[in-house]
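>>> got a sequence here, can you model it:
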Amino acid sequence: MFIGFIVLASVGILAWVMTQYKGKPSSLNPSQRATLAKYAILYQRLNKNDQRKFERIVAGFINDKEWRGAGMYVAEEMKVMISACAAELLFGFPDLVLKHFTTIIVHPDTYRSPVSGRMHQGEVRPRSGIVMVSWRDFLHGYAHTSDAHNVGLHEMAHALWFENSIANGEENFLHPELLQDWIDHADAEIERIRSGKSRLLRSYAGTNQPEFFAVAVEYFFERPKDFKQDLPELYATLSAMLRQDPAAV
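So this is what the prediction gives:
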């Protein structure tokens, strides 16, 4: 009787797992792949093997997150492009899914945040596991790829930063020694920014450590050569932390 119960329970658990993953493919369909090939600049530059790696990250992000539109319909292309933005940042961590951030909310344009009361292009809410972006501003960021203003990268960088310290089985993926080096260099640069002596990053990077990291990520991907030339210590540390070197591409 007891053995029979265990068998039935095991079958039940297996059935539940199958229902959870049913309809959640681990690869992209041809239409989704075509969207990447058309719009994702990093994807276009990769070799075939790395493209498949990139696709797996995108597919996982599309299928594992809950997608909501704030007064709008979230089309499949939007999911692909936002997921590609996440994959750009996560490329050095192909198994990382930012599991704490379960929900992506897309606004059609800038919106007033009920939390801050201010107009936002995007935001991350660590307590509720939500990432928000304005679609109009997201598109603007990728239409102007060298101004280091990219709301998608900025908000995904926030999610990455917070995920590293949330105890959920994914934490501490940023190497502790590298992270401490980053914080030390960032503290010094934040002081320079606040005193009007920034060597590269815009003034908003001087707000605090999370904002410094998010702004730095924008420069890292959009103006990597300038970043490496003007802030070599910070660039080298961020490159090692993210396991990428866009200045070498």
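>>> going forward, measure contacts between C-alpha atoms and count neighbours the same way
Will do.
>>> helix or strand with the lowest mean pLDDT in the protein?
helix 2-21 (a mean of 40; mean pLDDT, DSSP states H and E).
>>> run through who's touching the helix or strand hosting Phe213.
Using DSSP states H and E, the element containing Phe213 is helix 209-222. Residues outside helix 209-222 that contact it (Cα atoms under 8 Å, 6 or more residues apart in numbering): 145-150, 153-155, 157-158, 161, 183, 186-187, 190, 201-202, 204-206, 227, 235, 246.
>>> swap the cut-off to 7 Å and go again
Residues outside helix 209-222 that contact it (Cα atoms under 7 Å, 6 or more residues apart in numbering) are 145-150, 153-154, 157-158, 161, 205-206, 227, 246.
>>> for the helix or strand in which Ile82 is found, packing partners?
For Ile82, the host element (DSSP H and E) is helix 76-90. In this structure, helix 76-90 packs against helix 48-64, helix 151-163, with contacts taken as 3 or more Cα pairs under 7 Å, 6 or more residues apart in numbering; DSSP states H and E.
>>> turn the ones you listed into CSV, columns for distance to Glu88.
Output for these, formatted as CSV (distance: least, Cα to Cα, whole Å):
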stretch, distance to Glu88
helix 48-64, 8
helix 151-163, 8
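>>> so which of these comes closest to Lys79?
Minimum separation from Lys79 across the helices and strands packed on helix 76-90 (Cα to Cα) falls at helix 48-64, 6.1 Å.
>>> tell me the helix or strand right after the closest one.
Following helix 48-64 in sequence order, the next helix or strand is strand 66-69 (DSSP H and E).
>>> list the buried residues in that next one.
Trp67 (16 or more other Cα atoms under 10 Å).
>>> what's next to it, contact-wise?
Residues from elsewhere that reach strand 66-69 (Cα under 7 Å, 6+ apart): Val74, Thr102, Thr103, Ile104, Ile105, Val106, His107.
>>> give me the sheet partners of that strand and which way each runs.
strand 103-107 (parallel) (DSSP bridges).
>>> the strand it pairs with vs helix 48-64, what angle?
90 degrees (axes from the mean of the first three to the mean of the last three Cα atoms, to 10 degrees).
>>> pull the CA atoms of strand 103-107 into PDB?
What follows is strand 103-107, C-alpha atoms only, in PDB (Å, rounded to 0.1, in the frame of the first residue of the first chain):
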ATOM      1  CA  THR A 103       6.800  40.200 -14.200                       C
ATOM      2  CA  ILE A 104       7.500  42.600 -17.000                       C
ATOM      3  CA  ILE A 105       5.100  45.500 -17.400                       C
ATOM      4  CA  VAL A 106       5.200  47.600 -20.600                       C
ATOM      5  CA  HIS A 107       3.800  51.100 -20.800                       C
END
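>>> quote the end-to-end distance of stretch 112-119.
Taking Cα to Cα, to the nearest Å, the first and last residues of stretch 112-119 lie 4 Å apart.
>>> residues making contact with that stretch?
Thr110, Tyr111, His120.
>>> what's the burial count for the second one?
Applying other Cα atoms under 10 Å, we find 16 residues neighbouring Tyr111.
>>> tell me, what's the model's pLDDT at it?
Listed pLDDT for Tyr111 reads 97.
>>> what sits opposite it in the beta ladder?
Under the criterion used (DSSP bridges), Tyr111 bridges to His120.
>>> start at 12 instead
In the new numbering, first residue 12, that becomes Tyr122.
>>> list the contacts for it?
Met130, His131, Gln132.
>>> hmm, try it at 10 Å
Tyr122 sits next to Ala81, Gly128, Arg129, Met130, His131, Gln132, Gly133, Val144, Ser145 when contact means Cα atoms under 10 Å, 6 or more residues apart in numbering.
>>> the last one against Met89, yeah?
Spelled out, that is Ser145. No - counting by Cα atoms under 10 Å, Ser145 stays clear of Met89, with 11.2 Å between them.
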